[in-house]
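K.L.:
Dropping a prediction and its sequence here:
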Amino acid sequence: MGSMGDDVQHVDVLIVGGGPVGLVCAYQLARTLASPRTCIKIIEKHPKSAQDQYGRAITLFPRTSEMLDQLGLADQLAQHCFACRETVSYDAAGNQVDGRGWAFMEQMKDTAWDFSLVLRQKYQEEIFRHALRELGVELDAPATLVGLHVDASIPLGGYRVSATLDSGTTVKCKYLVGADGGRSTVRRLLDIPFDGSSSDDRWVRIDGHVSTNLPKPRSYCAIESPTHGNVLWAALDHGATRIGYAFTPERQKAHQTFDEAAAVAEAVAAVKPFALSFTRVDWWTIYSVGQRVARRFSAHDCVFLAGDACHTHSSGAAQGMNTGIHDAVNLGWKLSLVLRRLAHPQLLHTYEAERRPNVEQLLAYDRDIARLMTLQLPEGWTGDPAADPNVLLGAVMAAASSFSSGLGISYAADGLLNVQHPTALPSSSSSSASSSSPPPPVPRPGHRAPDVPLRKPGTLEPTRLHRETPNRAIFHVVVFVGERCSATVASYHAFCAALEASPFLLLHSSPRHASSAAAATPPPTLIAFLTIPARPGPSAWEILGGRGPVGDETLGYD
C-alpha cells in the first residue's frame with residue numbers, strides 16, 4: 001500500500017474508484033510494474049459488501065473481451081458468463097421481425113470472442129479484484145477522497161499529487177487516475193466542467209429470475225412496445241434476466257411512488273403481448289438519460305479521468321463499461337511505460353487525443369439511440385416524419401455495428417501514431433486473376449490487429465495472434481517473412497542484420513537479443529518480436545533460410 005509515516009503514504013499511482021475501470025487500470029499496472037504492492041493504491045468509497053450485489057453494467061462486446069484476453073482476464077469471465085450469440089426482435093403484436101434491434105450482434109465475426117459476454121458487474125468485479133489481489137494489491141474500501149492538491153513546483157515524475165482521504169491519511173503520488181463514476185469527486189475537485197445535458201426521459205432496468213412465454217427468452221431480445229419504447233430483454237448469467245424499458249411521463253402518472261412493486265408492474269406491461277412474472281427480483285433502478293463529456297480528460301499532466309468520470313451516456317447501446325475499459329487499457333500501458341522510464345511523459349498526451357474522438361462519436365450515436373428507443377425520431381431528422389423509430393433504430397445499430405462491437409474502433413494520427421506515410425500495399429488487382437474471393441482487409445495503422453489463427457512449430461498446436469502478443473505494456477513487432485524464396489530470404493536476412501546493428505533494439509528487445517548485451521543486469525524489455533512465415537513447416541530454421549527467428553518464437557500462419 002506504499003510507504004507510510006505520520007499518516008502519509010507514497011505510491012506511484014493512486015486510483016480512485018474500485019469499479020471495473022479502476023480495477024482493470026490497477027491490474028494492468030500491477031502486472032507490469034515492479035513491486036506493485038508498494039507502488040499502486042486503489043480506493044473505493046463504497047464497501048463492496050454493501051454495494052449493489054447485482055445490476056449495473058452487464059455486457060462486454062468482442063473488442064473489450066479481446067483486450068481483457070490479452071491481459072489474462074477474459075477466460076475467467078467466460079467461465080461465468082452467458083455467451084450470447086442469438087438475438088431476436090418482436091413487433092407490438094408479438095411477431096418476430098428480422099434485421100431490427102440487436103441483430104448486429106449476430107454478425108460479430110473474425111474474432112475468437114464472436115459473442116456478447118454477458119456477466120453482471122458484481123461478478124466481473126470479483127474476478128478483477130481476485131486477479132489484482134494475486135499480484136499483491138488489495139482494494140482499500142471504504143475509503144473516500146476528500147481533498148486533492150497538485151504542487152506544480154515539483155517536477156513531473158515526482159510526488160506532486162497530494163490526495164487526502166476521509167481517514168485523515170494523505171497519499172502522495174506521481175499520478176492519480178479518477179475512475180470514480182459519473183459523480184466523480186476527482187473531476188469536481190479539479191473543477192473540470194462536465195459538458196452536456198440530460199433529457200426528461202427516464203429509463204428503468206430490473207434484473208431477476210422470471211417465468212414467461214416469450215419464445216426465445218435466453219437471447220438478447222427487443223420488444224417494440226407502443227407504451228414503453230424499444231424494450232430490452234437480456235439473458236443474464238446464473239439464469240437471470242434483465243428487462244429495460246422507457247418510463248414515460250404518461251406512465252409515471254400511474255405511480256405516486258416508484259418502488260420495486262411498481263418496477264415489476266411496469267415490466268409486466270412493457271413486454272406485452274408476452275406474459276411475465278418474477279420469481280425473484282435481484283435489483284432494479286430508475287435513472288435519467290443524458291450525454292456528458294469532461295471538457296478535458298486530464299489536469300496538470302499527472303491526473304487523469306477514465307470511464308464514467310469523463311463521459312456518461314444512456315445504456316441504450318450497452319457501451320458504458322466497454323468504453324471505460326478501453327480508457328483503462330489505453331491509459332494503463334502508457335502510465336506503465338512512463339513510470340518504468342521507457343517513455344517520455346508526453347506519451348500520456350495521446351490518451352485524450354486517442355480516446356476523445358471515440359467518446360464523442362459514441363455520444364453522438366447514443367443521442368440518436370436514446371431517442372429512438374423512446375419512440376422519438378432523432379434531433380434534426382429530415383427524413384419521413386412518419387418513419388417508424390423501431391425500423392430506424394435497427395438501421396442505426398446495424399450501421400454502427402463495427403463501432404459497437406469495438407472491432408472497428410481506430411485511432412487517428414497523434415504524437416505516437418504515424419499514419420501519414422504508410423507503406424504502399426498491393427491492390428487487389430495485382431492478385432491472381434483466378435482468385436474468386438475478395439482479398440482480406442489489410443490492417444492499417446491505428447486499427448485493431450486481426451486475431452489470426454497460427455500454429456506453433458513442431459507440434460502444430462493451434463494458437464492466435466492475440467494470445468501470443470499479451471498486453472505487458474511493451475511493443476510487439478510482428479515480422480511476416482512470406483513464402484520462402486530467394487527474395488524473401490535475402491530481405492529477411494538483411495532485416496536481421498540491421499536489427500543486430502541497432503544498439504537500442506539490441507538492448508531493449510526480446511530476451512534473445514538482450515542476453516547478448518554486455519550488461520550485468522539486462523535493461524527492461526520494450527519490444528518483443530514475433531516471426532511468422534507464410535505456413536508452418538518441420539523446421540523454422542529451414543523455413544527462414546538458415547537463420548533463426550527474430551525474437552524467441554516462430555509461428556506459422558494457419
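P.N.:
Structure's in. What do you need?

K.L.:
so where's the chain shaky on pLDDT?
P.N.:
1-6, 49-54, 414-441, 506-507, 510-523, 552-554, 556-558 (pLDDT under 70).

K.L.:
Quickly list the domain ranges of it.
P.N.:
3-195+291-405, 449-557 (automatic domain parsing).

K.L.:
what distance separates the start and the end of stretch 144-163?
P.N.:
10 Å (C-alpha to C-alpha, to the nearest Å).

K.L.:
And the contacts of that stretch?
P.N.:
Outside stretch 144-163, the residues that touch it by C-beta atoms under 8 Å, 6 or more residues apart in numbering are 10, 14, 16, 43, 45, 164-166, 170-176, 180, 185-186, 189-190, 299-303, 338, 345. From N, CA and C alone the C-beta is placed, and that goes for glycine too.

K.L.:
7 Å instead?
P.N.:
10, 14, 16, 43, 45, 164-166, 170-174, 176, 185-186, 189-190, 300-303, 345 (C-beta atoms under 7 Å, 6 or more residues apart in numbering).

K.L.:
re earlier: mind putting the domains of the chain in a markdown table, mean neighbour count and distance to residue 261 included?
P.N.:
As requested, the domains of the chain are exported to a markdown table (neighbours: other C-beta atoms under 10 Å; distance: least, C-beta to C-beta, whole Å):
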| stretch | mean neighbour count | distance to residue 261 |
| --- | --- | --- |
| domain 3-195+291-405 | 20 | 17 |
| domain 449-557 | 16 | 46 |
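
K.L.:
Out of these, the one nearest residue 255 is which?
P.N.:
domain 3-195+291-405 (17.9 Å; C-beta to C-beta).

K.L.:
What residues does the nearest residue to residue 184 once chain neighbours are set aside make contact with?
P.N.:
Nearest residue to residue 184, sequence neighbours excluded (C-beta to C-beta, 6 or more residues apart in numbering): residue 309, at 3.7 Å. Residue 309 makes contact with 178, 179, 180, 181, 184, 186, 187, according to C-beta under 7 Å, 6+ apart.

K.L.:
Show me the two of those that sit farthest apart.
P.N.:
Farthest pair in these, by C-beta to C-beta: 179 and 187, 10.8 Å.

K.L.:
The contacts of residue 309 in strands, which ones?
P.N.:
residue 178 (DSSP state E).

K.L.:
ok, back up a step: any chance of the domains of the chain in TSV, plus distance to residue 279?
P.N.:
Listed next are these as TSV, based on distance: least, C-beta to C-beta, whole Å:
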stretch	distance to residue 279
domain 3-195+291-405	15
domain 449-557	40
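
K.L.:
three-state assignment of residue 149?
P.N.:
Of the three states, residue 149 takes strand under DSSP: H, G, I helix; E, B strand; the rest coil.

K.L.:
what's across from it in the sheet?
P.N.:
Going by DSSP bridges, residue 149 is paired in beta bridges with residue 162.

K.L.:
Just the helices from the stretch 151-300 of the chain, written as ranges.
P.N.:
Under the criterion DSSP state H, counting those that start in this stretch, the stretch 151-300 of the chain contains helices at 185-189, 249-252, 260-270.

K.L.:
Comparing the ones you listed, which comes out most buried?
P.N.:
Sort those by mean neighbour count, taking mean count of other C-beta atoms under 10 Å, and helix 185-189 sits at the top with a mean of 21.

K.L.:
what's it in contact with?
P.N.:
Counting by C-beta under 7 Å, 6+ apart, residues outside helix 185-189 touching it are 16, 145, 148, 178, 180, 194, 294, 303, 305, 309.

K.L.:
Next: stretch 263-282.
P.N.:
Contacts of stretch 263-282 (C-beta under 7 Å, 6+ apart): 54, 93-94, 204, 206-214, 223, 225, 227-228, 231, 233, 240, 243, 245, 247, 251, 260, 284.

K.L.:
who does residue 286 bridge with?
P.N.:
Bridge pairing for residue 286 - DSSP bridges - gives residue 204.

K.L.:
And it, how far from residue 303?
P.N.:
Separation of residue 286 from residue 303 (C-beta to C-beta, to the nearest Å): 33 Å.

K.L.:
Residue 389: which of the contacts of helix 185-189 is nearest?
P.N.:
Within the contacts of helix 185-189, the smallest distance to residue 389 is 28.5 Å, found for residue 194 (C-beta to C-beta).

K.L.:
hang on, that closest one packs against residue 296?
P.N.:
No. Contact between residue 194 and residue 296 fails when scored by C-beta atoms under 7 Å: they sit 10.9 Å apart.

K.L.:
And the longest helix along the chain, what does it pack against?
P.N.:
Scanning the chain for the longest helix, with DSSP state H as the assignment, gives helix 349-373. Contacts defined by 3 or more C-beta pairs under 7 Å, 6 or more residues apart in numbering; DSSP states H and E place helix 349-373 against strand 229-235, strand 276-294, helix 320-339, helix 389-399.

K.L.:
Next, format the ones you listed as TSV and append distance to residue 98.
P.N.:
What follows is the helices and strands packed on helix 349-373, written out as TSV (distance: least, C-beta to C-beta, whole Å):
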stretch	distance to residue 98
strand 229-235	15
strand 276-294	24
helix 320-339	26
helix 389-399	9
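
K.L.:
coming back round to it: residues making contact with the longest helix of the chain?
P.N.:
201, 229-230, 246, 289, 291, 293, 296-298, 304, 311, 313-314, 316-317, 319, 323, 327, 330-331, 334, 377-379, 389, 392-393, 396, 400, 403, 409, 411-412, 414-416.

K.L.:
What of stretch 474-482?
P.N.:
Contacts for stretch 474-482 (C-beta under 7 Å, 6+ apart): 469, 488, 492, 525-534, 544, 550.

K.L.:
I'd like to know which of those is nearest to residue 32.
P.N.:
residue 525 (10.6 Å).

K.L.:
quick one, phi/psi of that closest one?
P.N.:
phi -80, psi 130 (degrees, to the nearest 10).

K.L.:
That one contacts residue 473, correct?
P.N.:
No. Counting by C-beta under 7 Å, residue 473 is not a contact partner of residue 525; they are 10.0 Å apart.

K.L.:
How far does the longest helix of the chain sit from its chain's centre?
P.N.:
Offset of helix 349-373 from its chain centre (C-alpha atoms, centre = their mean, to the nearest Å): 14 Å.

K.L.:
One more: stretch 127-144?
P.N.:
20 Å.

K.L.:
Start and end of it, how far apart?
P.N.:
First-to-last residue span, stretch 127-144, C-alpha to C-alpha: 23 Å.

K.L.:
what about the helices in the stretch 1-150 of the chain?
P.N.:
Under DSSP H, counting those that start in this stretch, the stretch 1-150 of the chain gives helices at 20-30, 36-39, 62-70, 74-80, 121-134.

K.L.:
could you dump those to TSV with distance to residue 360?
P.N.:
Compiled in TSV, these are given as follows (distance: least, C-beta to C-beta, whole Å):
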stretch	distance to residue 360
helix 20-30	18
helix 36-39	33
helix 62-70	18
helix 74-80	28
helix 121-134	25
